[in-house]
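S.K.: sequence? don't have it. structure:
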């Protein structure tokens, strides 16, 4: 055992820096694929920009780096929003809902949120619906 | 064959009234459980109230009745918001996102959206997060 592992408290700190806070992890209600939904909202206009998916590690990165990271269900890999497009999402706040299966991530969005170029992933995509009073 | 089934076009209409519009159904990218996420937003304040889950039938009911209906993953049954609590969600509009796995449902919420009594399911449930610039 070398000197860097001789102090148990230092070792524990190093491990905890690489995993999601256990107090948060135990509140997550993950789907069969180990994911929760992440709703992303522009902090000032309150537009809903997009919905992505996070596993524990994507959430850990989102909570600790100031940038939003997702798990891509189609590509089966992590992606940090903006690394390819430049359309970074800066984290303003993150909340977990009452039953632990959805996150609300408030961000400052740089450029378009949608990979198609629309401002949000919902713009121009209304379905025909009967409306209430 | 009785008179009500003698007219093929009438029969087709009757069947189509009981299924989700095929043009919408083919755009849905469902998870392993056959569900898409439904983000519910108050139409005027733009608060994100909650996230629920919909299969094709829950979406059909939501699009055709003016009230929001979900599929409960925990109870494995349909639930129309407000039937028990009185906290009805009146549909204002529904949009499907670019890749078909999330809905944005704009509503007029009666009372609290959350079954715990908080106005939204995210209120008071912030996680500690490093924020961007």
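M.R.: Alright, I've got the coordinates. All values derive from a computational prediction rather than experimental measurement.

S.K.: tell me which element residue A:70 falls in.
M.R.: Here residue A:70, judged by DSSP states H and E, is contained in strand A:69-72.

S.K.: that strand pairs with which strands?
M.R.: strand A:77-80 (antiparallel) (DSSP bridges).

S.K.: got the buried residues for stretch A:73-84?
M.R.: For stretch A:73-84, a neighbour-count test (16 or more other Cβ atoms under 10 Å in any protein chain shown) marks A:80, A:81, A:82 as buried. The C-beta positions use only the backbone N, C-alpha and C, and glycine is treated the same way.

S.K.: sorry, that was for stretch A:119-133
M.R.: Buried residues in stretch A:119-133 (16+ other Cβ under 10 Å): A:119, A:120, A:121, A:122, A:123, A:125, A:127, A:129, A:132.

S.K.: so the third one touches residue A:50, yeah?
M.R.: Just to be clear, that refers to residue A:121. Yes - the criterion here is Cβ atoms under 8 Å, and residue A:121 meets it with residue A:50 at 4.2 Å.

S.K.: between those two, what contacts are shared?
M.R.: Counting by Cβ atoms under 8 Å, 6 or more residues apart in numbering or on different chains, the shared contacts of residue A:121 and residue A:50 are A:113, A:114, B:97, B:102.

S.K.: just give me the neighbour total for the third one.
M.R.: Same thing as residue B:97. By other Cβ atoms under 10 Å in any protein chain shown, 26 other residues sit near residue B:97.

S.K.: before we move on, which element is the residue nearest to it when sequence neighbours are not counted in?
M.R.: Nearest non-adjacent residue to residue B:97, counting by Cβ to Cβ, 6 or more residues apart in numbering or on different chains: residue A:121, 4.1 Å away. Using DSSP H and E, residue A:121 sits within no helix or strand.
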